[in-house]
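Participant: everything below, folded, please.
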Amino acid sequence: LFVVWFGFGIVPKVLVTFLICFFPILLDTMTGLRSSNPDMASMVRSMGGGRWAVFTKVRLPAALPHLFSGLKVAITLAVVGAVVGEFVGATEGLGYLLLRANANLDTPLLFAAIVILTVLGLVVYYTVSFIERVSIPWHVSQRSESAVTTGPAL
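Facilitator: Below you'll find the model as predicted:
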């Protein structure tokens, strides 16, 4: 439908990718915003904080781990969405290259395109992971394994 509505340009590919990525990010962010501690919000309000202060000091920090979880899922789906978007009506791109290699039974080209897509997916995933590690170093998901398993000596 996007090709019918928007033509064969980049717009339908971007829209397919956006729709595939939008819902994991939205649902995880909503879950994170709902998981904030209501007692902390009450404390911020009792200290004179308004809605914006409750959002920035309580709800957003609670939602960030969930947001990054949604981003990790969505960023890998973005690669898939871009390839699927190129399957219909594309004349260039890795999705088009996959279809052409498959039609011509060009196995080396097919595997080369798959390897490039895999590397691209890993690079963007680990980029988001790095941004997560820098953004929320205080969260339990960012603690090192030795810090979690090492306890006080008895």
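
Participant: list the contacts of stretch 77-97.
Facilitator: Contact partners of stretch 77-97, identified using C-beta atoms under 8 Å, 6 or more residues apart in numbering, comprise 2-3, 8, 12-21, 24, 98-99, 109, 113, 116-117, 120-121, 124. Placement of C-beta: from N, CA and C, glycine included.

Participant: among these, which are in helices?
Facilitator: Mapping these onto helices (DSSP state H) picks out 2-3, 12-21, 24, 98-99, 109, 113, 116-117, 120-121, 124.

Participant: what helix or strand is the residue nearest to the spatial centre of the chain on?
Facilitator: Centroid-nearest residue in the chain, with C-alpha atoms, centre = their mean: Leu71, separated by 2.0 Å. For Leu71, the host element (DSSP states H and E) is helix 60-87.

Participant: where does this structure dip in pLDDT?
Facilitator: For the chain, the stretches flagged by pLDDT under 70 are 1-4, 6-8, 89, 142-154.

Participant: I'd like the distance between Ala112 and Arg59.
Facilitator: Relative to Arg59, Ala112 is positioned 46 Å away (C-beta to C-beta, to the nearest Å).

Participant: more neighbours, those two?
Facilitator: Taking other C-beta atoms under 10 Å, Ala112 and Arg59 do not tie; Arg59 has more neighbours (20 against 14).

Participant: burial count for Gly81?
Facilitator: Residues near Gly81, counting by other C-beta under 10 Å, number 21.
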